[in-house]
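Enquirer: Sharing a model prediction with you, sequence too.
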Amino acid sequence: MTDFTYRAPDGGLPGQTELHTGRAVFTEAYAVIPRGVMRDIVTSRLPGWSATRLWVLARPLSGFAETFSQYIMEVAPGGGSEKPEPDPEAQAAIFVLSGSLRLTIGAEHHTLAPGGFAYVPPGADWKVHNDGQEPVRFQWIRKRWQPAEGLGLPEPIVTSDAEQPLKPTSTPDDRWFATCFIDTDDLRYDMHVNIVTFEPGGVIPFEETHVMEHGLYVLEGKAVYRLNRDWVEVEAGDFMWLRAFCPQACYAGGPTRFRYLLYKDVNRHAPLGPVR
């Protein structure tokens, strides 16, 4: 199972004759940002970046999801940043959707192709550039790292979807798998970024209801996802944003496998009041 695909935004704008009907929704428990609304008119730019635009998919909102932000970055040939992150407490997870990204962490240089993943610890000296001939598009997840007594800074990670095994969630004959980029037993990391894979007919067989906040970006396929009280159709290129304790489940009806990139916050006490 190595012929993976990774949907990236098309940009552009729909024609004036198209219907104004879509699947976008924002509720008290979740939001769905379908691929059809990721258009040129809603992109932004960042200080310190050249030849780059981005779609902001998630940002901390009081009373909703408060732990992370998530972007889709689009860097044109020759573009990038010598200092991508202005917050010294922020850690980063990067996942490449299309194109080729040159990532430098300290003195180490890496080239990330589609499916490439990197974790960058807080306070690291890192930079990104597009040395190729085509735009590079990648997911960038940002979270402030929460120190814990007795635990040092986490280490950088550079790997790829193709390099990591697909692990059955429970039994070997499952249709539900996980690709883990970060060691789930290493408590230095206070967030995990995984790829969840369902073969056609695979399901989450119960309504997950938990404290972890989620960003789910659909890489491939389509499915029906349970979000709070609703069943919602989603497809490659859609983004789902879930607050803590939002009930969730999934049915992957096919005809192809269904895969999404998943963020969640883990391994720390629940703060008793505002985080200081």
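Expert: Alright, I've got the coordinates. Numbers count the residues shown, from 1 in each chain.

Enquirer: Need the per-residue pLDDT for the residue nearest to H214 when sequence neighbours are not counted.
Expert: Excluding its sequence neighbours, the residue lying closest to H214 (Cβ to Cβ, 6 or more residues apart in numbering) is L242, at 4.1 Å. Backbone N, C-alpha and C define where each C-beta goes, glycine included. Listed pLDDT for L242 reads 98.

Enquirer: Dump stretch 173-190 to CSV, keeping only the CA atoms.
Expert: Extracted in CSV, the C-alpha atoms of stretch 173-190 (Å, rounded to 0.1, in the frame of the first residue of the first chain):
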residue,chain,number,x,y,z
ASP,A,173,-7.7,-8.1,10.0
ASP,A,174,-8.9,-4.5,10.7
ARG,A,175,-9.8,-2.0,8.0
TRP,A,176,-8.7,0.8,10.3
PHE,A,177,-5.0,1.7,10.4
ALA,A,178,-2.7,4.4,11.8
THR,A,179,0.6,5.9,10.6
CYS,A,180,2.4,7.4,13.6
PHE,A,181,5.0,10.0,12.9
ILE,A,182,5.7,10.7,16.6
ASP,A,183,6.5,8.1,19.2
THR,A,184,3.3,7.8,21.2
ASP,A,185,5.3,6.6,24.3
ASP,A,186,7.6,9.6,24.4
LEU,A,187,6.1,12.1,26.8
ARG,A,188,8.4,14.9,25.7
TYR,A,189,5.9,15.4,22.8
ASP,A,190,2.6,17.1,23.8
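
Enquirer: So what's the residue count around the residue nearest to H214?
Expert: 27 (other Cβ atoms under 10 Å).

Enquirer: now do the one 10 residues further on
Expert: Look at A252: counted by other Cβ under 10 Å, it has 24 neighbours.

Enquirer: Repeat that for R226.
Expert: By other Cβ under 10 Å, neighbour count at R226 equals 18.

Enquirer: Just to check, it is in contact with P247?
Expert: Yes. With contact defined as Cβ atoms under 8 Å, R226 counts as touching P247 (6.7 Å).

Enquirer: now the strands for the stretch 1-150 of the chain?
Expert: 25-26, 30-33, 50-58, 69-81, 90-98, 101-105, 108-112, 116-120, 126-129, 136-144 (DSSP state E, counting those that start in this stretch).

Enquirer: For V232, find the nearest of these.
Expert: strand 30-33 (5.8 Å; Cβ to Cβ).

Enquirer: The closest one - contacts with which helices or strands?
Expert: strand 239-242 (3 or more Cβ pairs under 8 Å, 6 or more residues apart in numbering; DSSP states H and E).

Enquirer: Which helix or strand lies directly C-terminal to the strand it packs on?
Expert: strand 248-251 (DSSP states H and E).

Enquirer: coming back round to it: could you list every residue that touches the residue nearest to H214?
Expert: 29-30, 65, 213-216, 227, 248 (Cβ atoms under 8 Å, 6 or more residues apart in numbering).

Enquirer: Residues that sit against both of R226 and P247, list them.
Expert: E207.

Enquirer: who does the helix or strand of the chain with the lowest mean pLDDT pair up with?
Expert: Across the helices and strands of the chain, mean confidence by mean pLDDT, DSSP states H and E is lowest for strand 167-168: a mean of 90. As defined by DSSP bridges, the strand partners of strand 167-168 come to strand 176-180 (antiparallel).

Enquirer: The strand it pairs with: which residues count as buried?
Expert: For strand 176-180, a neighbour-count test (16 or more other Cβ atoms under 10 Å) marks 176-179 as buried.

Enquirer: Tell me how far that strand lies from the chain's centre.
Expert: Taking Cα atoms, centre = their mean, to the nearest Å, the mean C-alpha location of strand 176-180 is offset from the chain mean by 15 Å.

Enquirer: Contacts for that strand next, please.
Expert: 161, 164-170, 192, 194-199, 202-204.

Enquirer: let's go with 7 Å and repeat that
Expert: 161, 164, 166-169, 194-198, 202, 204 (Cβ atoms under 7 Å, 6 or more residues apart in numbering).

Enquirer: and the angle for it with strand 116-120?
Expert: 50 degrees (axes from the mean of the first three to the mean of the last three Cα atoms, to 10 degrees).

Enquirer: next SSE after strand 176-180?
Expert: With DSSP H and E, the next secondary element past strand 176-180 is strand 191-198.
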